[in-house]
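*Asks:* Sequence first, then the predicted structure:
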Amino acid sequence: MARLIKNVEVFDIGGRGATTTFVDRGLGDVLISFESEVDNIRKQYGADKYEVIVPPVDILAEFPVAWVDKNVEKKGTEKAAKAYLNYLWSSRGAENYHPLQLPCVRQESHGTGEGAVPADQAV
């Protein structure tokens, strides 16, 4: 891992920033990012412009969701915040925000190409 990190030209703080650095600024030879970023790249830059390789083994990196009691109480937004959280963890919310991570909406195979992991075996 240390040898890999040593070769990183720009170490952005997130997937979107890394994509911008790689695609828009043309820095680096390879983009390593979140699988969810692949769809954004295809939509924004064209499905045929970049070769996408999804390794046979992956790491589940869930995006955090936070509820801050002080802010919710101050703004009186408890009802809306609860509704939003309930939506996020519903099947419909999963389709929009995290389709690769929830079993209720996983596709038949997790990833694409040779060595793809069946959804029931995905991390």
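*Replies:* Looks like it arrived, so ask away. Just so we're clear, the structure is a prediction, and the values are computed from it rather than from any experiment. Numbering: from 1, shown residues only.
*Asks:* Show me the strands in the chain, by range?
*Replies:* For the chain, strands defined by DSSP state E occupy the ranges 109-110, 117-118.
*Asks:* Which residues are in contact with residue 42?
*Replies:* residue 52 (Cβ atoms under 8 Å, 6 or more residues apart in numbering). Every residue, glycine included, has its C-beta placed from N, CA and C.
*Asks:* measure the spatially most central residue of the chain to residue 96 for me?
*Replies:* Nearest to the mean C-alpha position of the chain, by Cα atoms, centre = their mean, lies residue 36 at 3.4 Å. Distance, residue 36 to residue 96, by Cβ to Cβ, to the nearest Å: 11 Å.
*Asks:* Residue 51 too?
*Replies:* 27 Å.
*Asks:* again, but for residue 29
*Replies:* 32 Å.
*Asks:* And the pLDDT for the residue lying farthest from the centre of the chain?
*Replies:* Of all residues in the chain, residue 74 has its C-alpha farthest from the mean position, at 31.4 Å, by Cα atoms, centre = their mean. With respect to pLDDT, residue 74 has a value of 95.
*Asks:* Backbone torsions only: list them for residue 9.
*Replies:* Backbone geometry at residue 9, expressed as degrees, to the nearest 10, gives phi -70, psi -40.
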